[in-house]
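> coords please:
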Amino acid sequence: MKLYNLESCFYCKMVRDRLKVLELEYEKIEVPSWQGNRHEVYEVSGQYLVPVLVDKDRVLDDEDKILAYLETTYGSQS
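Numbering: from 1, shown residues only. Model prediction:
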């Protein structure tokens with residue numbers, strides 16, 4: 001699982017906190033603060049905003065979608 005993250009991003013922190021609560025391991029990929037330099041994020045998700053979570057073949061690009069997905073997919077494991 002990979003999280004495209006900007007440390008100062010409140011929405012990214014929401015996702016990081018949920019991953020921690022669920023005790024899920026993930027690779028955190030720091031992205032540039034300027035959206036135009038987030039080429040890797042664009043290649044993965046088709047847009048420049050973070051957070052973006054990649055879990056196997058699933059790509060989620062909105063914190064609400066990510067949090068719901070984590071709870072539905074991994075919530076019962078905690």
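
> in which helix or strand would I find Asp64?
helix 63-74 (DSSP states H and E).

> and that helix, average pLDDT?
For helix 63-74, mean pLDDT rounds to 97.

> CA atoms only: put that helix into CSV for me.
This file holds the C-alpha atoms of helix 63-74, laid out as CSV (Å, rounded to 0.1, in the frame of the first residue of the first chain):
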residue,chain,number,x,y,z
GLU,A,63,-9.6,11.5,1.7
ASP,A,64,-13.3,10.7,2.2
LYS,A,65,-13.1,7.9,-0.3
ILE,A,66,-9.8,6.7,1.2
LEU,A,67,-11.2,6.7,4.8
ALA,A,68,-14.3,4.9,3.8
TYR,A,69,-12.3,2.3,1.8
LEU,A,70,-9.9,1.7,4.7
GLU,A,71,-12.8,1.2,7.2
THR,A,72,-14.7,-1.1,4.9
THR,A,73,-11.7,-3.1,3.8
TYR,A,74,-9.6,-3.2,6.9
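
> ok now it, how far from the chain's centre?
Chain-centre distance of helix 63-74: 10 Å, with CA atoms, centre = their mean, to the nearest Å.

> contacting residues around it?
Residues from elsewhere that reach helix 63-74 (CB atoms under 8 Å, 6 or more residues apart in numbering): 11-12, 14-15, 18-19, 22, 24, 51, 53, 55, 58, 60. Just so you know, the C-beta spots here come from the backbone N, C-alpha and C atoms, and that holds for glycine as well.

> give me the subset of these lying in helices.
11-12, 14-15, 18-19 (DSSP state H).

> are any of those buried, and which?
Among those, those scoring as buried are 11-12, 15, 18-19 (criterion: 16 or more other CB atoms under 10 Å).

> so where's this structure uncertain?
Applying pLDDT under 70 to the chain flags the ranges 77-78.
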